[in-house]
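In: next come a sequence and a model predicted from it.
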Amino acid sequence: MMDQAEKLRQAIDSLKMKQSSLQSEIAVPAVAKTAKVITVTSGKGGVGKTNITLNMAIALSEMGYRVVILDADFGLANIDVLLGLAPRFTLVDVVQNRKSILEVITEGPCNIKFISGGSGVEELVKLDKDQVDRFIKNIGILDRLFDIVLIDTGAGLSENVMSFVMSADEVLLVTTPEPTSITDAYAMIKMISNRDRRKVIRLIINRAESAREANDIFSKLSLVAEKFLSIKLHPLGYVLEDDYVTKAVKRQQPFSIVYSKSNASRNIKAISERIMNSGADGINNESGTGIRSFINRLINIKKPN
Ligand SMILES: Nc1ncnc2c1ncn2[C@@H]1O[C@H](COP(=O)(O)OP(=O)(O)OP(=O)(O)O)[C@@H](O)[C@H]1O
Ligand SMILES: [Mg+2]
C-alpha cells in the first residue's frame, strides 16, 4: 500500500507533468503562482475560529481551490479534534529536518489537507541562516500545491498570534455579538493598526441572531476603528447561531459536510465565495504573496535584529 508521502510525491509529479504539458500549449507567465496566506484570529477565545477555518476550507475546496490548513493553535479544540484525526508529525519535524513538508501533511475530508503546527514557529527562530533557507525551500513546495493556506490561530493578543496576523496576506477577524468579544476584537484591531494601518482585516460575525444584528455590529466597529485608529475594516459576512454547529462538533465532523443545508453551512459558503471574489471591495483577492514571503515575514517579526 502506498503511504501518504508517496501519494503526495506522485501528486506533485503529476502536477509537474500537467504544468509542462500546459506550457507547450499556451504561454505560461514566467512568474510562479504563489498561495494566498490567510490568518484566522480573534481577540477573545472560543468564538468559532476553528469551526470557521475548517468549514471555509471545505467550502473553498468544493469551489475548486486547493486548500491547506495550518493549525497554529497549541490549545485544545483544534482542527484534528474537530475532524477526529490524529496527525503523527508536526511542523517541528520539518523545522528540525526530520521530515519533509510532504510527510507532515494529513488528508482531511473533501480533499482538504492540514498541517499541525506544533511549536514549529518557536523552533524556527532557533535556526541559523542556512537551516532557515533549507526550511523555506522545503515549505515553498506548498506554493505549488495549494492556492490557499488557511492558518487557525489561538485567541488573544500574544506575540505569537500577532506574528501570524502581521505576516499573512490578509486577516479574518472573528467576533460574536457579545460585548466582551467585540471589545477584544477592537483591542486586536488596535494592535494591528499600531503596526500596520494598511493591513487588510476582514470581519466575520459568528453566532449572530440575524443579518441585521451582524450588520449593526459591523457598522459600529468599523466606525470606531476608522475614527480612532484610522484603519478600514472589510465586512466579510456572518454565521448565524446554529445548533447544528455544536451537533457536528460532537460528531467530530465538519457541519458543512454532515449538515450541508444548515444555516451555518450556507453562511460559510457565502463567506468563501466573497473572499475569493476579486475586486468586490478593492482587494486583489485571487493572488497572494506566497508561503515563502510569509515565512520570511514571520521570521523577521519573531527575530528582530
Ligand atoms: N455559529 C455557531 N452556532 C452555534 N454554536 C457555535 C457557533 N460557532 C461556534 N459555536 C460553538 O462554539 C464552540 C467553540 O468553537 P471553536 O472551537 O470553533 O472556537 P475557537 O474560536 O476556535 O476557540 P479557541 O479560541 O479555544 O480556539 C463550538 O464548539 C460550538 O459549540
Ligand atoms: Mg480554535
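Out: Ah, there it is. Ligands and ions are numbered 1, 2, ... in the order given.

In: hey, what's the residue nearest to the spatial centre of the chain bridged with?
Out: Note on the chain: the residue nearest the mean C-alpha position is Leu150, at 1.8 Å, using C-alpha atoms, centre = their mean. Applying DSSP bridges to Leu150 gives these bridge partners: Ile38, Ile69.

In: could you do Tyr238 as well?
Out: Ile205.

In: OK, contacts around it?
Out: Going by C-beta atoms under 8 Å, 6 or more residues apart in numbering, Tyr238 touches Ile204, Ile205, Asn206, Ala208, Ala211, Ala214, Asn215, Asn267. The C-beta positions use only the backbone N, C-alpha and C, and glycine is treated the same way.

In: residues touching the third one, list them.
Out: Residues touching Asn206, when contacts are defined by C-beta under 8 Å, 6+ apart, comprise Val47, Gly48, Ile52, Val174, Thr175, Thr176, Tyr238, Val239.

In: any chance of these in TSV, with distance to ligand 2, secondary structure and pLDDT too?
Out: Output for the contacts of Asn206, formatted as TSV (distance: C-beta to the ion, whole Å; DSSP: H, G, I helix; E, B strand; the rest coil; pLDDT from 0 to 100):
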residue	distance to ligand 2	secondary structure	pLDDT
Val47	9	coil	97
Gly48	8	coil	97
Ile52	9	helix	98
Val174	10	strand	98
Thr175	14	strand	98
Thr176	13	coil	98
Tyr238	19	strand	98
Val239	15	strand	98
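
In: and the furthest pair within those residues?
Out: Taking C-beta to C-beta as the measure, the contacts of Asn206 span a maximum distance of 12.4 Å, between Val47 and Tyr238.

In: ligand 2 contacts on this protein?
Out: Lys49, Thr50 (C-beta under 5 Å from the ion).

In: how does it look with 8 Å?
Out: 45-46, 49-51, 53, 73, 75, 77-79, 152, 154-155 (C-beta under 8 Å from the ion).

In: may I see the ChimeraX selection of the buried members of these?
Out: In ChimeraX, this line selects whichever of the residues of the chain next to ligand 2 come out buried by 16 or more other C-beta atoms under 10 Å:
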select :49,50,51,53,73,78,79,152,154,155
